[in-house]
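> Sequence and predicted structure are below.
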Amino acid sequence: MPMTNVMAIRETTPYRKPVCAGKIRAMTQTQQVLQVHNLNKTYKTGKSELKAVDSLNFHVNRGEVYGLLGTNGAGKTTTLEIIEGLSSATSGKVAVFGKDPITHRSEIRPEMGIMLQSGGLPSQLTVKETLTMWQGTCSHPLEVEEVLDKVGLGHRQAVRVGVLSGGEQRRLDLACALISNPSLLFLDEPTTGLDPESRRNVWQLLLDLKAHGVTMVLTTHYLEEAEMLCDRIAIMDQGIVAAEGTLDELVAKVSSEIEFTAEQAPSVERATLLSDGTKHLISTDDLVGDTWRVLTWARENGVELRGFSARPATLEKVFLSIADQEIA
């Protein structure tokens, strides 16, 4: 059964802003909801040390979706755990709504929703019992049925958690993060294990929350997900932020490509031409202009272009370039 249409839900049960104490309300109005300054986390492994997070600096603005990308072991989950107050830093500073997430946990936790990389919910409880239990820990929760409908589990309320599919359990993890009606939402690989339709429905749900001012920090291995959801993206590598910016700013770090097979190749300016005599690859920062110039050259000189393609720079190329340490 497909997930409930999110836009229809929004019209019948609009997202309610948190009802919170004046002190917390004032905190949520600050421009920078999250600040990370010179953050370090080191683990001792026998006689050696592993530096999982290395002098990390970034901030997240109110109402922004901020993505943390990186290969396995880059330090994403460790960073989230420190920000969420679930783990302590070796050194450095984290401020959530201007407060330390550990020492001021009781003040800021009511405004936070957390979706861990794996939930570990009790297998013998039903879906509704699980979310009802979670609801009882929240200061200003949403209704259980409303949240289950939003994540597409309204028809599975009486089913025990242990017999849910992996994708359904992941959606229940999301429901547990949303039930608190948070103004700041942490999502650690939120759509892992979901089928393509469910993944896109979750994207729509998160976009709906974003439209209502919810700030989000997410990690994901799906680059399309980051492109769809994130206002700014940080790509981590070996515990540091190797690149950060909007999607446009990041893809500007790598070149677009024009590829074709022909008996000869045009001369190009301000671009790089790689050729083995018949196969030609042009790396360019002016994709539209150089595509027009190649096609014009081919028409004027009667050159047949076979297998022609013009590919814009992508986040995937940026990501792989950083993984290969090709970007400074």
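Done, it's in.
> What strand or helix carries the nearest residue to residue 110 once chain neighbours are set aside?
Spatial nearest neighbour of residue 110, chain neighbours left out: residue 139 (3.9 Å); criterion: C-beta to C-beta, 6 or more residues apart in numbering. Every C-beta, even on glycine, is put in place using the N, C-alpha and C of the backbone. Taking DSSP states H and E as the definition, one finds residue 139 inside no helix or strand.
> quick check: domain ranges of the chain?
6-250, 255-312 (automatic domain parsing).
> circling back: wouldn't the residue nearest to residue 110 be in contact with residue 179 here?
No. Under the contact definition of C-beta atoms under 8 Å, residue 139 does not touch residue 179, with a separation of 11.2 Å.
> out of these two, which sits in the more crowded spot?
residue 179 (24 against 14; other C-beta atoms under 10 Å).
> Next, give phi and psi for the more buried one.
Note on residue 179: backbone dihedrals following degrees, to the nearest 10 are phi -60, psi -30.
> for the stretch 101-250 of the chain, what spans make up the strands?
112-115, 184-188, 215-219, 232-237, 240-245 (DSSP state E, counting those that start in this stretch).
> Would you mind telling me which of those is nearest residue 286?
strand 240-245 (20.2 Å; C-beta to C-beta).
> for the helix or strand hosting residue 59, packing partners?
Assigned by DSSP H and E, residue 59 belongs to strand 48-61. Helices and strands touching strand 48-61, as assessed by 3 or more C-beta pairs under 8 Å, 6 or more residues apart in numbering; DSSP states H and E, comprise strand 32-45, helix 76-83, strand 215-219, strand 240-245.
> Run through the chain and note the low-pLDDT ranges.
For the chain, the stretches with pLDDT under 70 are 1-30, 325-328.
> Can you show me the helices along it?
Per DSSP state H, the chain carries helices over the ranges 6-12, 22-28, 76-83, 105-108, 127-135, 144-150, 166-178, 196-211, 223-229, 247-251, 287-301, 315-323.
> Measure how buried residue 318 is and give me the count.
26.
> same check, this time on residue 88
Counted with other C-beta under 10 Å, residues neighbouring residue 88 total 11.
> so it touches residue 82, yeah?
Yes. Judged on C-beta under 8 Å, residue 88 makes contact with residue 82 at a distance of 7.1 Å.
> Mind checking the domains of the chain for the one nearest to residue 324?
The nearest among the domains of the chain, by C-beta to C-beta, is domain 6-250 at 9.9 Å.
> mind checking how far the closest one is from the chain centre?
9 Å (C-alpha atoms, centre = their mean, to the nearest Å).
> now do stretch 286-298
On C-alpha atoms, centre = their mean, the centre of stretch 286-298 falls 35 Å from that of its chain.
> Which residues does that stretch contact?
By C-beta atoms under 8 Å, 6 or more residues apart in numbering, the surrounding residues in contact with stretch 286-298 are 256, 258, 260, 262, 266, 268, 270-271, 282, 284, 303-305, 310, 312-313.
> Which member of the residues you listed is positioned nearest residue 228?
Nearest to residue 228 among the contacts of stretch 286-298, with distances taken as C-beta to C-beta, is residue 312, at 16.3 Å.
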